[in-house]
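Participant: Sequence first, predicted model second:
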Amino acid sequence: MGTYVVTGSASGMGAAIATRLRDADHRVIGVDRAEAEVVADLSTPAGRQLAIDEVLAQCDGRLDGAVLAAGLGPRRGAERTIVEVNVLGVTELLDGLRPALAAGDKAKVVVVGSNSTTSTPLVPARAISQLKRGDTEAATRIIVRRRQLAPAIAYAASKLAVSHWCREHAVTADWAGSGIRLNLLAPGPVMTPLLRSQLDSPTGKQVRSFPVPAREYGTPEQIADWAMTMLSPAADFMVGAVVTVDGGTEALMRPDAW
Ligand code: NAI
């Protein structure tokens, strides 16, 4: 029995992963805006620090793994909040929890990215580099210049920044060298409240036209099964990998990427 932190544990994929972990007799410290062991708002510096302090207190300084699933989808006018939660809600938490993960035995970290990293064109490289530096204000200024496209660009930029950050850190002495296996899961459209709200929004038609060769959406339970494998000893030799589970969109758009 291990101790795992799961952000976004109150809904969608985070909730499904928390359920799988509890069903396997693990202890879950959920982090979310409500209905969680740690109630914190990851869109603010104070909320992120509260989450780190509370998790460290509740886990007694030792974690067997972490799943970073809290996130926001594209929404007009919310570009700054999207990048705060999707980037700093991952990178600051991982920095803060790293000592507890290093104290575990080959602790596993699964960060929920997105296949929007490879399916969204024209994401400004400068926005991504500002996000990796943690400057969400400068990044948002660049993103909102894209006007109509700003929400989708904010979302893709946030997932690109977090994916780059994870892969760059995963291989270092502080992470792989300290026994921590840090990997990414990149889902395509998965039927959760987040996707439902996208489908019901004014841009729902565009969301529906997104090509998915499997001709169906994923389920949170399918993603939870992949996360469980990435939290298991099967991932002892897995570092900085991106596991794409997207019904074929990535292969359709980038058949020659590997
Ligand atoms: P969801 O909306 O069902 O769950 C997200 C959870 O994050 C919610 O419980 C929410 O309260 C929490 N959260 C949001 N903002 C927060 C904040 N400021 N502080 C604390 N918690 C906060 O969404 P879903 O679909 O399960 O998304 C999980 C992750 O998967 C997200 O990172 C999302 O970007 C990513 N993703 C989702 C896809 C989809 O089609 N559903 C596709 C690809 C990636």
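Facilitator: That came through fine. Residues are numbered from 1 along each chain as shown.
Participant: Quick one: residues in contact with stretch 243-255.
Facilitator: 115, 118-119, 183-189, 210-218, 222-223, 226, 230, 257 (C-beta atoms under 8 Å, 6 or more residues apart in numbering). Heads up, the C-betas are built off the backbone N, CA and C, glycines and all.
Participant: if we look at the ligand, which of the residues you listed are close to it?
Facilitator: Among the contacts of stretch 243-255, the ones lying near the ligand by C-beta under 6 Å from any ligand atom are 187, 189.
Participant: Write a PyMOL command that selects only the buried members of the contacts of stretch 243-255.
Facilitator: PyMOL command restricting those to the buried ones, with burial defined by 16 or more other C-beta atoms under 10 Å:
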select buried, resi 115+118+119+183+184+185+186+187+188+189+212+217+218+223+226+230
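Participant: Let's see which of the contacts of stretch 243-255 end up in helices.
Facilitator: Counting by DSSP state H, the contacts of stretch 243-255 place 118-119, 222-223, 226, 230 in helices.
Participant: Tabulate the residues you listed in TSV, adding columns for pLDDT.
Facilitator: As requested, these are arranged in TSV below (pLDDT from 0 to 100):
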residue	pLDDT
Thr118	89
Ser119	87
Gln222	98
Ile223	98
Trp226	98
Met230	98
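Participant: Spit out the contact partners of the nearest residue to Asp25 once chain neighbours are set aside.
Facilitator: Spatially, and ignoring its direct neighbours in sequence, Asp25 is nearest to Met1 (5.1 Å; C-beta to C-beta, 6 or more residues apart in numbering). For Met1, the contacting residues are 25-27, by C-beta under 8 Å, 6+ apart.
Participant: Would you check how far apart Met1 and Val28 are?
Facilitator: 11 Å (C-beta to C-beta, to the nearest Å).
Participant: swap in Tyr4?
Facilitator: Distance from Tyr4 to Val28, by C-beta to C-beta: 6 Å.
Participant: Mutual contacts of these two, please.
Facilitator: Joint contacts of Tyr4 and Val28 (C-beta under 8 Å, 6+ apart) are Leu21.
Participant: quick one on the thing from earlier: put the buried members of the contacts of Met1 into a ChimeraX selection.
Facilitator: The buried subset of the contacts of Met1, as determined by 16+ other C-beta under 10 Å, is captured in ChimeraX by this line:
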select :26
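Participant: okay if I get the contacts of Met1 as CSV plus secondary structure?
Facilitator: What follows is the contacts of Met1, written out as CSV (DSSP: H, G, I helix; E, B strand; the rest coil):
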residue, secondary structure
Asp25, coil
His26, coil
Arg27, strand
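Participant: Out of the contacts of Met1, which are close to the ligand?
Facilitator: Okay, of the contacts of Met1, nothing touches the ligand (C-beta under 6 Å from any ligand atom).
Participant: contacting residues for Trp175?
Facilitator: So Trp175 contacts 98, 169, 182, 239 (C-beta under 8 Å, 6+ apart).
Participant: Take these and keep only those in strands.
Facilitator: Leu182 (DSSP state E).
Participant: which one of the contacts of Trp175 has the most neighbours?
Facilitator: Ranked by the number of neighbours (other C-beta atoms under 10 Å), the contacts of Trp175 place Leu182 first, at 29 neighbours.
Participant: Any figure for the gap between the closest residue to it other than its chain neighbours and Leu101?
Facilitator: Nearest non-adjacent residue to Leu182, counting by C-beta to C-beta, 6+ apart: Ala170, 4.0 Å away. Distance, Ala170 to Leu101, by C-beta to C-beta: 12 Å.
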